[in-house]
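In: Pasting the sequence and the predicted coordinates here, then a few questions.
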Amino acid sequence: MKKIALIPTESVNPRTKKLDVSSPRQIAQMINAEDFNAARAVQKAAPDIAKTIDAAAKAFLAGRKIIFIGAGTSGRLGVLEAAECVPTFGTKPSQILGIIAGGKNAMFRAKEGAEDDSAQGGKDVLKKARPGDLVIGLTASGITPYVLGALHAAKQAACTTVLLACNKQADTQDAAIFIYLPTGAEALNGSTRMKAGTATKMALNAITTGAMARAGKVYGNLMIDVRPTNQKLIRRALRLIMTVAQTGQATAQKLLDASGKNVKTAVLMHLKNCTRAQAEKRLKKHRGFLAEALREK
């Protein structure tokens, strides 16, 4: 492992040295001012985020997995991102997934020592990863043994590997793509749940949304593959059908019911005047891309 003299997220922030003697309003303003650096960091990383979007879309379309793996805050963000893809894009829980050091219980109670186990990182990722999968390691410091061990094992297993870190000197030897987020020193020294965590979440949002758009899970800027599993999402599905198919609510409800709760199928049934089976066949032919299915005569 590389010797790193100074990890940016561990350095002391000169702009927030009076955090303990500031008023509530001053504290809020100081932290907010620092938070702007998270967005700037993601902006600077756009070229490598774009590479990851492309790799994620290709993996997804090929039926491979997208795996996020991390420890502590980074691990929790990866698990969250994977979980949100199911209702947002209608993906299978087994195709986009998150792994956190220490297992499921670490989502709710910190297990700080788990991040130091490089071998366990390798074991955990190999329980899920197969050749051709995309494995994205998340570590603010860029040197977390658990994450680096996972990336090493994933690379050996012929997976495409990505490292996302807030340290330019991160250990990138097992990463095909390196997403560097220059967030700098935290408002609270070393607390990477703050700017580093925010920037990581923003980057993950871009990666999954971009990949799903490239994989036919988005129509325009509409989450056309939403899974209507609760009342809020049912209402969203109805609004989508009403918007795209230009129907009233009553018709949209009938279409949603007749389509098996699938918005894209419902839209095609209405606009192409076809049965559910015909709409599903057309979507399959066009790999789920609604725009392409609609263009077909």
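Out: Cool, got the structure.
In: Sketch out the low-pLDDT regions of the stretch 101-250 of the chain for me.
Out: In the prediction, the stretch 101-250 of the chain carries no residues with pLDDT under 70.
In: Swap in 90 and give it another go.
Out: 104-114, 187, 190, 229 (pLDDT under 90).
In: Chain neighbours aside, what residue packs nearest to E280?
Out: T265 (5.8 Å; Cβ to Cβ, 6 or more residues apart in numbering). (Glycine included, C-beta is placed from N, CA and C.)
In: can you pull the contacts of the one you found?
Out: If you count contacts by Cβ atoms under 8 Å, 6 or more residues apart in numbering, T265 has them with S259, R276, A279, E280, L283.
In: Show me where the stretch 1-150 of the chain has its strands.
Out: Counting by DSSP state E, counting those that start in this stretch, the stretch 1-150 of the chain has strands at residues 66-70, 96-100, 134-138.
In: what's the most buried one of those strands?
Out: strand 134-138 (a mean of 30; mean count of other Cβ atoms under 10 Å).
In: Can you verify my assumption that A33 contacts R15?
Out: Yes: the criterion here is Cβ atoms under 8 Å, and A33 meets it with R15 at 7.3 Å.
In: hmm, back to that, list phi and psi for the residue nearest to E280.
Out: The phi/psi pair for T265 (degrees, to the nearest 10) reads phi -60, psi -40.
In: Quickly list the domain ranges of this protein.
Out: 8-214, 231-295 (automatic domain parsing).
In: now L255, nearest residue through space, not along the chain?
Out: Closest to L255 by Cβ to Cβ, 6+ apart is A266, at 3.9 Å.
In: Go ahead and list the helix or strand containing the one you found.
Out: A266 belongs to helix 263-271 when assigned by DSSP states H and E.
In: Whichever helix or strand comes after that helix packs against which elements?
Out: Reading on from helix 263-271 to the C-terminus, the next helix or strand found by DSSP H and E is helix 276-285. Here helix 276-285 touches helix 263-271, helix 290-295, going by 3 or more Cβ pairs under 8 Å, 6 or more residues apart in numbering; DSSP states H and E.
In: Out of those, which is the most enclosed?
Out: helix 263-271 (a mean of 25).
In: could you dump that helix to CSV, C-alpha only?
Out: What follows is helix 263-271, C-alpha atoms only, in CSV (Å, rounded to 0.1, in the frame of the first residue of the first chain):
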residue,chain,number,x,y,z
VAL,A,263,-45.9,2.1,-17.2
LYS,A,264,-44.0,1.5,-20.5
THR,A,265,-46.3,-1.3,-21.4
ALA,A,266,-49.3,0.8,-20.6
VAL,A,267,-48.1,3.7,-22.8
LEU,A,268,-47.5,1.3,-25.7
MET,A,269,-50.8,-0.4,-25.4
HIS,A,270,-52.5,3.0,-25.7
LEU,A,271,-50.4,4.7,-28.3
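In: how far out from the middle of the chain is it?
Out: 28 Å (Cα atoms, centre = their mean, to the nearest Å).
In: and the residue nearest to I143 when sequence neighbours are not counted, how far is that from A114?
Out: Closest residue in space to I143, ignoring its immediate chain neighbours: D171 at 5.7 Å, by Cβ to Cβ, 6+ apart. D171 sits 18 Å away from A114, going by Cβ to Cβ, to the nearest Å.
In: Show me which of those two is the more surrounded one.
Out: Between D171 and A114, counted using other Cβ atoms under 10 Å, the more crowded position is D171 (24 against 21).
In: That one contacts L148, doesn't it?
Out: Yes: in this structure, D171 is within contact of L148 by Cβ under 8 Å, at 5.6 Å.
In: Could you dump the helices and strands packed on helix 276-285 into JSON lines with mean pLDDT and distance to G63 added?
Out: Formatted as JSON lines, those follow (pLDDT from 0 to 100; distance: least, Cβ to Cβ, whole Å):
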{"stretch": "helix 263-271", "mean pLDDT": "97", "distance to G63": "19"}
{"stretch": "helix 290-295", "mean pLDDT": "95", "distance to G63": "19"}
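In: Could you dump these into a markdown table and include distance to K51?
Out: Below are those laid out as a markdown table (distance: least, Cβ to Cβ, whole Å):
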| stretch | distance to K51 |
| --- | --- |
| helix 263-271 | 28 |
| helix 290-295 | 24 |
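In: For A57, which of these is the nearest?
Out: Closest to A57 of those is helix 290-295 (Cβ to Cβ; 15.2 Å).
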